[in-house]
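[1] What follows is a predicted structure for the sequence shown.
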Amino acid sequence: QVQLVESGGGLVQAGGSLRLSCAASGRTFRSYAMGWFRQAPGKEREFVASISWTGASTRYTDSVKGRFTISRDGAKNTVYLQMDTLKPEDTAVYYCAAATYGDISNPDRPVEYAYWGQGTQVTVSS
């Protein structure tokens, strides 16, 4: 069993930065691919970024490329999402997710992930 706890959300002005953290429990965290998703009010949950278990492979949705960076620290059992140059359209609840494989073929699909955190709110004001 893996438990995920997100933190780092908040209110920020457009152009600002936030760093989200996802702390994971469980000895096998290091072997799992991880992802970040977000869900805005009235919209479906959408993929933001993913990282393989080694950290060597990352993927981003087009709207955040060049602005967001996903990383992981195996020693701390934590995955991060550094968000820079934030825009009002980035406002959403952000969720951390863990797969049960080290590399997954379709990391942008929620069904690939077995474990989810409770989410953290990110609000970007214009």
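    Happy to help now that I have it.
[2] need the contact list for the nearest residue to Phe68 once chain neighbours are set aside.
    Leaving aside its sequence neighbours, Phe68 sits nearest to Met83 (Cβ to Cβ, 6 or more residues apart in numbering; 5.1 Å). C-beta here means a position set from N, CA and C on the backbone, and glycine is covered the same way. By Cβ atoms under 8 Å, 6 or more residues apart in numbering, the residues touching Met83 are Ser17, Leu18, Arg19, Leu20, Val64, Arg67, Phe68, Asp90, Val122.
[3] Which element, helix or strand, includes the third one?
    Using DSSP states H and E, the element containing Arg19 is strand 18-24.
[4] which helices and strands does that strand pack with?
    strand 4-7, strand 34-39, strand 78-83, strand 92-98, strand 120-125 (3 or more Cβ pairs under 8 Å, 6 or more residues apart in numbering; DSSP states H and E).
[5] Do you know the pLDDT at the spatially most central residue of the chain?
    Residue closest to the mean C-alpha point of the chain, counted by Cα atoms, centre = their mean, is Trp36 at 2.2 Å. Per-residue confidence (pLDDT) for Trp36: 98.
[6] can you give me phi and psi for the nearest residue to it once chain neighbours are set aside?
    The shortest distance from Trp36 to any non-neighbouring residue, by Cβ to Cβ, 6+ apart, is to Val48 (4.3 Å). The phi/psi pair for Val48 (degrees, to the nearest 10) reads phi -120, psi -60.
[7] The helices and strands packed on strand 18-24: which one's closest to Ser105?
    With Cβ to Cβ as the criterion, Ser105 lies closest to strand 34-39 of the helices and strands packed on strand 18-24, at 12.9 Å.
[8] Give me the angle between that closest one and strand 92-98.
    For strand 34-39 against strand 92-98, the angle by axes from the mean of the first three to the mean of the last three Cα atoms, to 10 degrees is 150 degrees.
[9] buried set for strand 34-39?
    In terms of neighbour count (16 or more other Cβ atoms under 10 Å), strand 34-39 has its buried residues at Met34, Gly35, Trp36, Phe37, Arg38.
[10] try stretch 66-79
    If you call a residue buried by 16+ other Cβ under 10 Å, then stretch 66-79 has these buried ones: Phe68, Thr69, Ile70, Arg72, Asn77, Thr78, Val79.
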